[in-house]
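S.K.: Fold the following and give me the result.
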Amino acid sequence: MKALTPSILAVVVCSTLVSAPSEASSHREAPNISRFPTLDSTDFYAFNSYEQGRGDYVTLIANYIPLQDGYGGPNYFAMDPDATYSIHIDNDGDAIEDISFAFNFKSMLPNDNQGVALTIGPEGNQRTVAVPLKNVGGVAAGNNAAVNFSESYTMTMIAGDQRTGSKTMLTNTMTSSNEFHKPLDYIGDKTFSSMDGYKSYAAQFVYQVAIPGCDGMAKVFVGQRKDPFVVNLGKTFDLVNYVPVEGDSAPGAGDGEGFPGGITQSADNDDLADKNVTAIAIEVPKSCVVGNGNGTIGTWTTASLPQARILNPNAKFANNAVNGGALTQVSRLGNPLVNELVIGLKDKDTFSSSQPKDDGQFIDYVTHPSLPELLNILFKDAVNTTLGANLATLAPTNFPRNDLVTAFLTGFPGVNQLATVTGAEMLRLNTNIAAKAQADQSAFGVAGDDLAGFPNGRRPGDDVVDIALRVVMGRLCYPIPVNGTNTDLGLCTSDDASVGNVPFTDGAPVNATMMDASFPYLATPLAGSK
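M.R.: So this is what the prediction gives:
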């Protein structure tokens, strides 16, 4: 890796935006999207598949509907049948999608949307009455007789512009149809008998997909999963109500020999430990998505609704509103928590509806980010008092923040930079860098001497909270290990970042072994009842 050339950097700084790093996944990150929880993207992942024998594939996972409680019945967490959920890929570096996978959902009741009904009352005074629950008995793999609600979806591949490009509805090779199905959420162990019972049931909904012009088969799964993100969410947004520096000599050491009063690693710090999400996961042969570029792709997810919605004053299950007008984007996510902790409150809804190619409008949030200064205001005096120091500021002083531009906007040359360098907020993945097996992954990604991890894409086990905290506070101003050798990236110097080598953390640990080792990688959701 090397620093950007001055000419490229000038173009980037003058005309584009980097997504500065973040402290959590994107839950309720903007005023408008908080009104549309079914369209709220929580996390987005893009990584070279590390399931054994799948090294020629790339996996993309877009999670939606944040903060799901397993017991959140009786309607649980269906997708919006009026929305379009999309995963976009730019493979030439112009910050414009070259390939999109669009998902559209349909909700159904049996018996022509009348649902399951029971005969109630004695002979001569009987009524047939619809039941209020989504199932009326146990559900198992191969046995859906008791299911009273179902969701199906179609999957469309779009070549070129997502609105005007060439569209091909993809085929479910297991049924030779264009229809795919989504499992019921994990209602509980009386419904599914056990976690193993739910695993077997949900496994039926992993499908093979035929992609035109692609030699290999893709895979797709849409369904509820355990929220893979780990974060000290509540305290972080309470003005960082903890000392965000490792309190042990090493994470998990338990010796208290790190920063005095610093937070120590504990699963108790994970506020999402009891939450589920809904995942849209696809696995596609690399050769089908890289185009004619250099093997690196830029990716992001969006959710859109028709521009107008007229509510039915006499709503029915299959007719509660009329939607019309142009499809309008209301959610967007690439790198984690860009909109939540980087973009100013006045521009959050604008960011949600914007396209990567237009990110120049947000440039000041990157070159002059506010998060480091907020941390400086919150902690400088306490740090100086604790250490007996006289630091003028904890925030990096290199402006513009070219280190952030490289890390989150343009990518690193030779690692995750696309063939054409266009500054834009996308999650960049070099498909030519071999995946690391689950047991060999570093939760710190590139900063942990693991080039297969964040910010070269993002795997479910990458600790993007700690990585992002350290990068925003100047970690790239110090040498980082690259293939075992400490390497100066030339983006800034240690004089620019007084605490750039400090082990910032939210104290909530995560690693790849907390996930599954095969598609769709995210763990089985938490049961609503045991």
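
S.K.: which residues sit in contact with the residue sitting furthest away from the middle of the chain?
M.R.: Most distant residue from the mean C-alpha position of the chain: Gly124, 56.7 Å away (C-alpha atoms, centre = their mean). Listed by C-beta atoms under 8 Å, 6 or more residues apart in numbering, the contact set of Gly124 is empty. For glycine as for every other residue, the C-beta is placed from the backbone atoms N, C-alpha and C.

S.K.: Local confidence estimate at it?
M.R.: Here, the pLDDT recorded for Gly124 equals 96.

S.K.: before we move on, what about Val12?
M.R.: At Val12, the pLDDT value in this model is 35.

S.K.: ok, now the one 3 residues further on?
M.R.: Ser15 is assigned a pLDDT of 33 by the prediction.

S.K.: try Val342
M.R.: 81.

S.K.: Likewise for Asn339?
M.R.: pLDDT, read off for Asn339, is 78.

S.K.: For it, which three-state class applies?
M.R.: helix (DSSP: H, G, I helix; E, B strand; the rest coil).

S.K.: hang on, the earlier thing: give me the distance between the residue farthest from the centre of the chain and Ala117.
M.R.: Relative to Ala117, Gly124 is positioned 19 Å away (C-beta to C-beta, to the nearest Å).

S.K.: So in the protein, which strand runs the longest?
M.R.: strand 296-316 (DSSP state E).

S.K.: returning to that earlier point: so which strand or helix has the residue farthest from the centre of the chain?
M.R.: Taking DSSP states H and E as the definition, one finds Gly124 inside no helix or strand.

S.K.: Met157 is in contact with Gly165, correct?
M.R.: No - in this structure Gly165 lies outside contact range of Met157 using C-beta atoms under 8 Å: 9.4 Å.

S.K.: List the buried residues for the host helix or strand of Ile377?
M.R.: Assessed by DSSP H and E, Ile377 sits inside helix 371-387. Buried residues in helix 371-387, counted by 16 or more other C-beta atoms under 10 Å: Leu371, Pro372, Leu375, Asn376, Phe379, Lys380, Val383.

S.K.: Would you check that the second one makes contact with Phe399?
M.R.: Yep, that's Pro372 we're talking about. No - using C-beta under 8 Å as the test, Pro372 is too far from Phe399 to be in contact (10.9 Å).

S.K.: State the pLDDT value of Gln530.
M.R.: You called it Gln, but residue 530 is Lys. Lys530 is given a pLDDT of 93.

S.K.: Equivalent analysis for Gly72, please.
M.R.: Reported pLDDT for Gly72: 95.

S.K.: Report the spatially nearest residue to it, omitting neighbours in sequence.
M.R.: Leaving out its chain neighbours, the residue that sits closest to Gly72 by C-beta to C-beta, 6 or more residues apart in numbering is Gly528, at 7.1 Å.

S.K.: Run through the helices of the stretch 51-200 of the chain in chain order.
M.R.: Here the stretch 51-200 of the chain has its helices, by DSSP state H, counting those that start in this stretch, at 110-113, 189-192, 195-203.

S.K.: Please apply the same query to the stretch 301-450 of the chain.
M.R.: 338-341, 348-352, 364-367, 371-387, 402-405.

S.K.: Quick one: residues in contact with the longest one.
M.R.: Applying C-beta under 8 Å, 6+ apart, the external contacts of helix 371-387 come out as 20, 239-240, 243-244, 259-261, 341-342, 389-391, 393-396, 472-474, 499.

S.K.: picking that back up, by contact count, what packs against the longest strand of the chain?
M.R.: Applying 3 or more C-beta pairs under 8 Å, 6 or more residues apart in numbering; DSSP states H and E, one finds that strand 296-316 contacts strand 41-48, strand 57-69, strand 84-90, strand 319-333, strand 427-430.

S.K.: weakest of those strands in terms of mean pLDDT?
M.R.: The minimum mean pLDDT among the helices and strands packed on strand 296-316 belongs to strand 319-333 (a mean of 93).

S.K.: can you dump the C-alpha coordinates of it into CSV?
M.R.: Output in CSV follows, covering the C-alpha atoms of strand 319-333 (Å, rounded to 0.1, in the frame of the first residue of the first chain):
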residue,chain,number,x,y,z
ASN,A,319,-55.5,-3.9,0.1
ASN,A,320,-54.4,-1.5,2.8
ALA,A,321,-53.0,1.2,0.6
VAL,A,322,-52.5,2.2,-3.0
ASN,A,323,-48.9,3.1,-4.0
GLY,A,324,-47.8,5.0,-7.1
GLY,A,325,-45.3,7.3,-8.6
ALA,A,326,-41.6,7.0,-9.2
LEU,A,327,-39.6,4.5,-7.0
THR,A,328,-37.9,6.7,-4.4
GLN,A,329,-34.9,5.7,-2.3
VAL,A,330,-35.4,6.1,1.4
SER,A,331,-32.5,4.0,2.8
ARG,A,332,-28.8,3.6,1.9
LEU,A,333,-25.9,1.8,3.5
